[in-house]
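[1] Output the structure for:
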Amino acid sequence: MTNFEDITYVVEDTAAIITINRPHRYNAFRAQTVEELLNAFQLAWSDTQVQSVILTGAGEKAFCTGGDVKQRAETGDYGPSEAGRFMIGDLHKVMRDIPKPVIAAVNGVAVGGGHVLHVLADLTIAADTAKFGQAGPRVGSFDAGFGSAFLARVVGEKRAREIWYLTRQYDAKTAEDWGLVNWVVPAADLLDEAKKVAADIGKQSPTAIRFLKQSFNADTDHQAGLSNLAMTALDLFVAAPEGLEGAAAFSEKRAPEFAKHANWH
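    Numbering: from 1, shown residues only. So this is what the prediction gives:
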(Lines give C-alpha, C1' and ligand atoms only; values in the text may rest on other atoms or scores of the structure.)
Protein backbone atom coordinates (compact mmCIF):
# COMPACT_ATOMS: atom_id res chain seq x y z
CA MET A 1 0.00 0.00 0.00
CA THR A 2 1.40 3.38 -1.04
CA ASN A 3 0.40 6.66 0.55
CA PHE A 4 -1.26 9.09 -1.85
CA GLU A 5 -3.32 12.21 -1.25
CA ASP A 6 -5.38 12.62 -4.42
CA ILE A 7 -5.84 8.96 -5.36
CA THR A 8 -6.03 5.54 -3.76
CA TYR A 9 -4.16 2.47 -4.97
CA VAL A 10 -4.85 -1.12 -3.97
CA VAL A 11 -4.11 -4.51 -5.48
CA GLU A 12 -6.79 -7.20 -5.36
CA ASP A 13 -5.93 -10.58 -6.85
CA THR A 14 -4.49 -9.74 -10.30
CA ALA A 15 -5.94 -6.22 -10.58
CA ALA A 16 -4.56 -2.88 -9.47
CA ILE A 17 -7.44 -0.54 -8.63
CA ILE A 18 -6.64 3.15 -9.01
CA THR A 19 -9.31 5.56 -7.76
CA ILE A 20 -9.21 9.31 -8.31
CA ASN A 21 -10.16 10.52 -4.85
CA ARG A 22 -11.20 14.17 -5.14
CA PRO A 23 -15.00 13.93 -5.02
CA HIS A 24 -15.26 17.48 -3.62
CA ARG A 25 -13.93 18.64 -7.02
CA TYR A 26 -15.84 16.02 -9.03
CA ASN A 27 -12.54 14.11 -9.28
CA ALA A 28 -10.99 16.85 -11.40
CA PHE A 29 -7.23 16.51 -11.50
CA ARG A 30 -4.57 19.02 -10.54
CA ALA A 31 -0.85 18.60 -11.29
CA GLN A 32 -0.35 16.56 -8.11
CA THR A 33 -3.21 14.21 -9.04
CA VAL A 34 -1.68 13.52 -12.44
CA GLU A 35 1.71 12.87 -10.87
CA GLU A 36 0.18 10.43 -8.40
CA LEU A 37 -1.69 8.65 -11.22
CA LEU A 38 1.58 8.31 -13.11
CA ASN A 39 3.26 6.82 -10.06
CA ALA A 40 0.37 4.40 -9.53
CA PHE A 41 0.49 3.17 -13.13
CA GLN A 42 4.24 2.67 -12.79
CA LEU A 43 3.67 0.62 -9.64
CA ALA A 44 1.13 -1.51 -11.47
CA TRP A 45 3.51 -1.93 -14.40
CA SER A 46 6.31 -3.20 -12.16
CA ASP A 47 4.14 -5.50 -10.02
CA THR A 48 4.30 -9.03 -11.44
CA GLN A 49 1.07 -9.93 -9.61
CA VAL A 50 -0.87 -7.28 -11.50
CA GLN A 51 -2.24 -8.26 -14.91
CA SER A 52 -4.72 -5.41 -15.41
CA VAL A 53 -5.53 -1.97 -14.04
CA ILE A 54 -8.98 -0.68 -13.08
CA LEU A 55 -9.30 3.11 -13.17
CA THR A 56 -12.33 4.68 -11.49
CA GLY A 57 -13.47 7.70 -9.47
CA ALA A 58 -14.55 8.15 -5.86
CA GLY A 59 -18.21 8.70 -5.09
CA GLU A 60 -21.24 8.39 -7.34
CA LYS A 61 -21.24 11.74 -9.17
CA ALA A 62 -18.06 11.75 -11.22
CA PHE A 63 -15.48 9.48 -12.79
CA CYS A 64 -13.32 12.47 -13.65
CA THR A 65 -14.12 15.95 -14.96
CA GLY A 66 -10.65 16.66 -16.33
CA GLY A 67 -8.32 19.44 -15.32
CA ASP A 68 -9.30 21.39 -12.23
CA VAL A 69 -10.57 24.61 -13.82
CA LYS A 70 -11.11 26.22 -10.41
CA GLN A 71 -7.44 25.64 -9.61
CA ARG A 72 -6.50 27.16 -12.97
CA ALA A 73 -8.70 30.20 -12.30
CA GLU A 74 -7.13 30.67 -8.86
CA THR A 75 -3.45 30.24 -9.74
CA GLY A 76 -3.22 30.36 -13.54
CA ASP A 77 -1.98 26.76 -13.63
CA TYR A 78 -2.86 23.32 -12.26
CA GLY A 79 -0.94 23.75 -9.04
CA PRO A 80 2.41 22.46 -7.78
CA SER A 81 3.87 18.99 -8.18
CA GLU A 82 7.17 17.34 -7.30
CA ALA A 83 8.27 17.39 -10.94
CA GLY A 84 7.23 21.01 -11.30
CA ARG A 85 5.10 20.49 -14.40
CA PHE A 86 1.68 19.30 -15.49
CA MET A 87 2.32 15.83 -16.92
CA ILE A 88 -1.02 14.92 -18.47
CA GLY A 89 0.63 13.92 -21.76
CA ASP A 90 2.90 11.55 -19.83
CA LEU A 91 -0.15 9.99 -18.19
CA HIS A 92 -1.78 9.40 -21.57
CA LYS A 93 1.35 7.66 -22.80
CA VAL A 94 1.77 5.42 -19.78
CA MET A 95 -1.85 4.29 -20.08
CA ARG A 96 -1.10 3.20 -23.64
CA ASP A 97 2.39 1.83 -22.97
CA ILE A 98 1.73 -0.20 -19.84
CA PRO A 99 1.68 -3.81 -21.17
CA LYS A 100 -1.46 -4.61 -19.19
CA PRO A 101 -5.08 -3.79 -20.13
CA VAL A 102 -6.55 -0.68 -18.51
CA ILE A 103 -10.23 -0.97 -17.60
CA ALA A 104 -12.09 2.30 -17.06
CA ALA A 105 -14.99 1.84 -14.63
CA VAL A 106 -16.97 5.01 -15.29
CA ASN A 107 -19.10 5.64 -12.20
CA GLY A 108 -20.45 9.10 -13.09
CA VAL A 109 -19.62 12.10 -15.23
CA ALA A 110 -16.65 11.62 -17.56
CA VAL A 111 -16.01 14.93 -19.28
CA GLY A 112 -13.04 16.97 -20.48
CA GLY A 113 -9.72 15.38 -19.62
CA GLY A 114 -11.61 12.70 -17.71
CA HIS A 115 -13.34 11.70 -20.92
CA VAL A 116 -9.94 11.40 -22.58
CA LEU A 117 -8.76 9.01 -19.85
CA HIS A 118 -11.63 6.60 -20.40
CA VAL A 119 -11.21 6.80 -24.20
CA LEU A 120 -7.54 5.81 -23.82
CA ALA A 121 -8.41 2.85 -21.60
CA ASP A 122 -8.45 -0.54 -23.34
CA LEU A 123 -11.98 -1.26 -22.12
CA THR A 124 -14.72 0.94 -20.66
CA ILE A 125 -17.51 -0.30 -18.41
CA ALA A 126 -20.10 2.35 -17.62
CA ALA A 127 -22.61 2.68 -14.82
CA ASP A 128 -26.10 3.29 -16.15
CA THR A 129 -25.91 6.71 -14.48
CA ALA A 130 -22.70 7.73 -16.27
CA LYS A 131 -22.47 10.75 -18.57
CA PHE A 132 -19.91 11.36 -21.29
CA GLY A 133 -18.72 14.40 -23.20
CA GLN A 134 -16.20 17.13 -23.76
CA ALA A 135 -15.97 20.55 -22.12
CA GLY A 136 -12.73 22.04 -23.44
CA PRO A 137 -14.01 24.68 -25.89
CA ARG A 138 -16.55 25.78 -23.27
CA VAL A 139 -13.91 26.47 -20.59
CA GLY A 140 -10.97 27.57 -22.70
CA SER A 141 -9.14 24.28 -23.20
CA PHE A 142 -8.67 21.48 -25.74
CA ASP A 143 -6.89 18.20 -26.41
CA ALA A 144 -5.73 18.17 -30.01
CA GLY A 145 -3.75 14.96 -29.47
CA PHE A 146 -5.03 11.58 -28.35
CA GLY A 147 -8.18 13.22 -26.96
CA SER A 148 -9.40 14.09 -30.45
CA ALA A 149 -7.42 12.01 -32.96
CA PHE A 150 -7.82 8.72 -31.09
CA LEU A 151 -11.43 9.51 -30.22
CA ALA A 152 -12.13 9.70 -33.97
CA ARG A 153 -10.75 6.16 -34.33
CA VAL A 154 -13.13 4.99 -31.62
CA VAL A 155 -16.40 6.66 -32.68
CA GLY A 156 -15.68 8.00 -36.18
CA GLU A 157 -14.91 11.48 -37.44
CA LYS A 158 -18.45 12.88 -37.41
CA ARG A 159 -19.22 11.75 -33.86
CA ALA A 160 -15.82 12.92 -32.58
CA ARG A 161 -16.29 16.37 -34.08
CA GLU A 162 -19.79 16.56 -32.60
CA ILE A 163 -18.49 15.65 -29.16
CA TRP A 164 -15.79 18.33 -29.29
CA TYR A 165 -17.58 21.14 -31.13
CA LEU A 166 -20.90 21.02 -29.27
CA THR A 167 -19.68 20.02 -25.77
CA ARG A 168 -22.90 18.14 -25.05
CA GLN A 169 -23.24 15.30 -22.57
CA TYR A 170 -24.40 11.84 -23.61
CA ASP A 171 -25.94 9.11 -21.50
CA ALA A 172 -24.45 5.67 -21.06
CA LYS A 173 -26.82 4.00 -23.55
CA THR A 174 -25.87 6.47 -26.27
CA ALA A 175 -22.19 5.97 -25.47
CA GLU A 176 -22.66 2.21 -25.79
CA ASP A 177 -24.51 2.59 -29.10
CA TRP A 178 -21.65 4.72 -30.45
CA GLY A 179 -18.99 2.21 -29.40
CA LEU A 180 -17.62 4.67 -26.88
CA VAL A 181 -18.06 2.12 -24.07
CA ASN A 182 -18.04 -1.67 -24.15
CA TRP A 183 -21.10 -2.22 -21.99
CA VAL A 184 -23.35 -0.67 -19.36
CA VAL A 185 -24.25 -2.11 -15.95
CA PRO A 186 -26.31 -0.91 -12.97
CA ALA A 187 -24.31 1.58 -10.93
CA ALA A 188 -24.33 -0.68 -7.88
CA ASP A 189 -22.66 -3.46 -9.89
CA LEU A 190 -19.98 -1.40 -11.61
CA LEU A 191 -16.88 -2.20 -9.57
CA ASP A 192 -17.83 -5.87 -9.21
CA GLU A 193 -18.22 -6.09 -12.99
CA ALA A 194 -14.83 -4.44 -13.50
CA LYS A 195 -13.27 -6.94 -11.10
CA LYS A 196 -14.86 -9.84 -13.01
CA VAL A 197 -13.37 -8.53 -16.24
CA ALA A 198 -9.99 -8.17 -14.53
CA ALA A 199 -10.29 -11.76 -13.28
CA ASP A 200 -10.98 -12.96 -16.83
CA ILE A 201 -7.91 -11.10 -18.07
CA GLY A 202 -5.94 -12.68 -15.23
CA LYS A 203 -6.62 -16.12 -16.75
CA GLN A 204 -5.03 -15.19 -20.07
CA SER A 205 -1.40 -15.39 -21.16
CA PRO A 206 0.24 -12.12 -20.00
CA THR A 207 2.71 -12.23 -22.87
CA ALA A 208 -0.02 -12.74 -25.45
CA ILE A 209 -1.99 -9.82 -23.98
CA ARG A 210 1.15 -7.66 -24.04
CA PHE A 211 1.75 -8.37 -27.74
CA LEU A 212 -1.91 -7.77 -28.54
CA LYS A 213 -1.99 -4.41 -26.77
CA GLN A 214 1.17 -3.30 -28.54
CA SER A 215 -0.27 -4.47 -31.86
CA PHE A 216 -3.48 -2.48 -31.35
CA ASN A 217 -1.43 0.57 -30.33
CA ALA A 218 0.92 0.34 -33.33
CA ASP A 219 -1.82 1.57 -35.67
CA THR A 220 -2.16 4.86 -33.77
CA ASP A 221 1.32 5.36 -32.29
CA HIS A 222 1.95 8.23 -34.71
CA GLN A 223 -0.68 10.17 -32.76
CA ALA A 224 1.87 10.50 -29.94
CA GLY A 225 3.58 13.16 -32.05
CA LEU A 226 0.32 15.05 -32.35
CA SER A 227 -0.12 14.72 -28.60
CA ASN A 228 3.28 16.32 -27.95
CA LEU A 229 2.40 19.26 -30.20
CA ALA A 230 -1.05 19.53 -28.64
CA MET A 231 0.27 19.65 -25.08
CA THR A 232 2.80 22.33 -25.99
CA ALA A 233 0.04 24.34 -27.65
CA LEU A 234 -2.23 23.86 -24.63
CA ASP A 235 0.47 25.17 -22.29
CA LEU A 236 0.54 28.37 -24.31
CA PHE A 237 -3.21 28.63 -24.81
CA VAL A 238 -4.29 28.30 -21.17
CA ALA A 239 -2.04 31.25 -20.29
CA ALA A 240 -3.36 33.38 -23.16
CA PRO A 241 -6.31 35.80 -22.72
CA GLU A 242 -8.79 33.46 -24.42
CA GLY A 243 -7.82 30.49 -22.26
CA LEU A 244 -7.80 32.58 -19.10
CA GLU A 245 -11.28 33.90 -19.94
CA GLY A 246 -12.65 30.34 -20.04
CA ALA A 247 -11.28 29.48 -16.61
CA ALA A 248 -12.42 32.79 -15.11
CA ALA A 249 -15.94 32.45 -16.50
CA PHE A 250 -16.22 28.90 -15.15
CA SER A 251 -15.08 29.98 -11.70
CA GLU A 252 -17.40 33.00 -11.71
CA LYS A 253 -20.33 30.97 -13.06
CA ARG A 254 -20.96 33.23 -16.02
CA ALA A 255 -20.96 32.88 -19.79
CA PRO A 256 -17.47 33.32 -21.24
CA GLU A 257 -16.76 36.16 -23.68
CA PHE A 258 -14.47 34.32 -26.07
CA ALA A 259 -15.28 36.29 -29.22
CA LYS A 260 -13.38 39.39 -28.15
CA HIS A 261 -10.19 37.33 -27.88
CA ALA A 262 -10.57 35.36 -31.13
CA ASN A 263 -7.85 35.68 -33.75
CA TRP A 264 -8.84 34.31 -37.15
CA HIS A 265 -5.75 35.54 -38.98
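
[2] Could I get the full set of helices for the stretch 1-150 of the chain?
    According to DSSP state H, counting those that start in this stretch, the stretch 1-150 of the chain carries its helices in the segments 31-46, 69-75, 88-97, 113-120, 136-139, 146-155.

[3] So for E82, which of those helices sits nearest?
    In this view, those are compared for proximity to E82 by Cβ to Cβ, and helix 31-46 is the closest at 6.1 Å. Where you see a C-beta, it was placed from the backbone N, CA and C, and this is true even at glycine.

[4] how many degrees apart are that closest one and helix 113-120 in direction?
    Our comparison of helix 31-46 with helix 113-120, counting by axes from the mean of the first three to the mean of the last three Cα atoms, to 10 degrees, yields an angle of 20 degrees.

[5] before we move on, the earlier item: can you add mean neighbour count, mean pLDDT and distance to A208 and give the helices of the stretch 1-150 of the chain back as CSV?
    Formatted as CSV, these follow (neighbours: other Cβ atoms under 10 Å; pLDDT from 0 to 100; distance: least, Cβ to Cβ, whole Å):
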stretch, mean neighbour count, mean pLDDT, distance to A208
helix 31-46, 21, 97, 17
helix 69-75, 19, 82, 42
helix 88-97, 21, 95, 17
helix 113-120, 26, 97, 21
helix 136-139, 20, 87, 37
helix 146-155, 20, 95, 23
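
[6] how about those in TSV, adding distance to A248?
    Shown next, in TSV, are the helices of the stretch 1-150 of the chain (distance: least, Cβ to Cβ, whole Å):
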stretch	distance to A248
helix 31-46	19
helix 69-75	6
helix 88-97	21
helix 113-120	19
helix 136-139	10
helix 146-155	23
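
[7] for those helices, which one sits closest to L55?
    Comparing the helices of the stretch 1-150 of the chain against L55 with Cβ to Cβ, the closest turns out to be helix 113-120 (6.7 Å).

[8] quick one, that closest one and helix 146-155 angle?
    Using the same axes, to 10 degrees, helix 113-120 lies at 50 degrees relative to helix 146-155.

[9] picking up where we left off before, among the helices of the stretch 1-150 of the chain, which is nearest L166?
    Put simply, out of the helices of the stretch 1-150 of the chain the one that sits nearest L166 is helix 136-139, at 8.9 Å, with distance taken as Cβ to Cβ.

[10] could you say what helices and strands the closest one packs with?
    Based on contacts counted as 3 or more Cβ pairs under 8 Å, 6 or more residues apart in numbering; DSSP states H and E, the elements that helix 136-139 packs against are helix 157-166, helix 241-252.

[11] Lowest average pLDDT across the ones you listed?
    Of all those, the minimum mean pLDDT falls on helix 241-252 (a mean of 83).

[12] List of residues touching it?
    Contact partners of helix 241-252, identified using Cβ atoms under 8 Å, 6 or more residues apart in numbering, comprise 69-70, 72-74, 76, 138-141, 237-238, 255-258, 261-262.
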